[in-house]
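**Student:** Build the 3D model from these lines:
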Amino acid sequence: MSTVIVTSGLVKRYGRTRALDGLDLEVGVGQIHGFLGPNGAGKSTTIRILLGLARATGGAATVLGSDPWRDAVSLHRRIAYVPGDVSVWPNLSGGEAVDLLARLRGGGRDEAYRLERARLVEAFQFDPRTKGRAYSKGNRQKVALIAAFAVPAELYILDEPTSGLDPLMEVVFQRELARVRDAGATVLLSSHILSEVEQLCDRVSIIRAGKVVESGTLAELRHLTRTEVSFVADDVTVERLAGLPGAHDAGIHDGRAQLTVDSDRVAAVLPALAELGVQGLRIAPPSLEELFLRHYGDDLAGPAAEGAGA
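**Tutor:** Now for the predicted structure:
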């Protein structure tokens, strides 16, 4: 099996609202696959279908080779899921909640689990003796993360998993995610923290209005955006900059020339820049955030964006 998640033409309607509109998604074995989009784009609806918590109106989905709606019970023993807003049992301690969640997935009963649980409790600086009703949002998040990582899974579906965590705990999370990927697990990571996705993910899919609009490795997606180039040169004009291959938005500000270049034309620009006698050359490849804003910039720029992202 080369793919763990496959959706084809996936459609989900809620009355007249079309939450998914022919979504195609593939997640390969052993990948950390980023799943990006603002609120209302269809990420949570997709995840609910993949977990067998909602039934698709149309199209098809398979998870680990099985139908997530028909085979939900058996699949749940092979999947670890962490939502972005975790609720815990108020009268159970954090440790009891972790153990209960582990047992629901068929683990939590052997020495290997107890050792792994202890390691994760220490790594996440978590107090397992406190009752759930006293936990902050970050500590509730730790309950789900420790339970997810303490029992091996084939697939981790993580929906805003670091919500409420402080920066130090985000580093711990990133380390654990790399560990399970290196052990052969597959991860679908939905996150608003673009730097986190950029650092961790092997591939990224961007969803808009219920459809995947871009999907690929970061290197592949960067070809769709422009690289920022800036330098100092004694004899350069805006007209000369604009004539460079693949150049856009040329300008000179405070003695520094600035332009953007189509990412697949950067190599062609460098010889021309060398002829200008440039100093202090800076080349900044496009970030995932810039790629993301390429699809949502218009929505986020005006008042209409509030309704679109709800």
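**Student:** residue contacts, the most centrally placed residue in the chain?
**Tutor:** What sits nearest the mean C-alpha location of the chain, by CA atoms, centre = their mean, is Gly34, with 3.3 Å. Residues in contact with Gly34, defined by CB atoms under 8 Å, 6 or more residues apart in numbering, are Leu189, Ser190, Ser191, Val197, Leu200, Cys201, Arg203, Val204, Ser205, Leu288. Glycine gets a C-beta too; all of them are placed from N, C-alpha and C.
**Student:** Return the distance of the closest residue to the last one other than its chain neighbours relative to Leu218.
**Tutor:** What sits nearest to Leu288 in space, not counting adjacent residues and going by CB to CB, 6 or more residues apart in numbering, is Glu198, at 4.2 Å. For Glu198, the distance to Leu218 (CB to CB, to the nearest Å) stands at 7 Å.
**Student:** Common neighbours of these two, please.
**Tutor:** Applying CB under 8 Å, 6+ apart, one finds that Glu198 and Leu218 are jointly contacted by Leu288.
**Student:** Would you map the strands across this structure?
**Tutor:** For the chain, the strands defined by DSSP state E occupy 3-14, 17-28, 32-36, 58-63, 79-82, 155-159, 186-190, 203-208, 211-216, 226-232, 247-253, 256-262, 279-284.
**Student:** For the residue lying closest to Ala54 once chain neighbours are set aside, grab the count of nearby residues.
**Tutor:** Computed as CB to CB, 6+ apart, the closest residue to Ala54 that is not its neighbour in sequence is Arg48, at 4.0 Å. Residues contacting Arg48 under the criterion other CB atoms under 10 Å number 17.
**Student:** i'd like the first residue to be 2 from this point on
**Tutor:** In the new count, where the first residue is 2, that last one comes out as Arg49.
**Student:** Quick check, Arg49 in contact with Ala57.
**Tutor:** No: if you go by CB atoms under 8 Å, Arg49 and Ala57 don't touch, sitting 9.8 Å apart.
**Student:** before we move on, the earlier item: with distance to Asn92 added, can I get the strands of the chain in a markdown table?
**Tutor:** Putting the strands of the chain into a markdown table (distance: least, CB to CB, whole Å) gives the following:
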| stretch | distance to Asn92 |
| --- | --- |
| strand 4-15 | 34 |
| strand 18-29 | 35 |
| strand 33-37 | 35 |
| strand 59-64 | 33 |
| strand 80-83 | 22 |
| strand 156-160 | 26 |
| strand 187-191 | 31 |
| strand 204-209 | 38 |
| strand 212-217 | 42 |
| strand 227-233 | 55 |
| strand 248-254 | 60 |
| strand 257-263 | 57 |
| strand 280-285 | 52 |
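**Student:** To Asp167, which of those strands lies closest?
**Tutor:** Between Asp167 and those, the shortest separation by CB to CB is 16.8 Å, and it involves strand 80-83.
**Student:** Show me what the closest one is packed up against.
**Tutor:** Strand 80-83 sits against helix 138-151, strand 156-160, with contacts defined as 3 or more CB pairs under 8 Å, 6 or more residues apart in numbering; DSSP states H and E.
**Student:** average pLDDT for the shortest one?
**Tutor:** In other words, strand 156-160. Averaging pLDDT along strand 156-160 yields 97.
**Student:** now do the first one
**Tutor:** Averaging pLDDT along helix 138-151 yields 96.
**Student:** related to what we said a few turns ago, so the residue nearest to Ala55 versus Pro84, what's the distance?
**Tutor:** Here the criterion is CB to CB. By it, Arg49 lies 10 Å from Pro84.
**Student:** Please apply the same query to Glu229.
**Tutor:** From Glu229 across to Pro84, the span is 37 Å (CB to CB).
**Student:** What is the burial count for Thr46?
**Tutor:** Taking other CB under 10 Å as the neighbour definition, Thr46 ends up with a count of 21.
**Student:** An error on my part: the question was meant for Val5.
**Tutor:** Other residues near Val5 number 24, with proximity taken as other CB under 10 Å.
**Student:** from what I can see it touches Val64, true?
**Tutor:** Yes: shown here, Val5 and Val64 form a contact pair, counting by CB under 8 Å, at 7.0 Å.
**Student:** what is in contact with these two at once?
**Tutor:** Any residue near both Val5 and Val64 by CB under 8 Å, 6+ apart counts here, and that gives Leu156.
**Student:** which regions of the chain sit below the pLDDT cut-off?
**Tutor:** Counting by pLDDT under 70, the chain contains low-confidence residues at 2, 224, 298-311.
**Student:** domain parsing for it?
**Tutor:** Residue ranges of the domains in the chain are recorded as 4-222, 227-286, according to automatic domain parsing.
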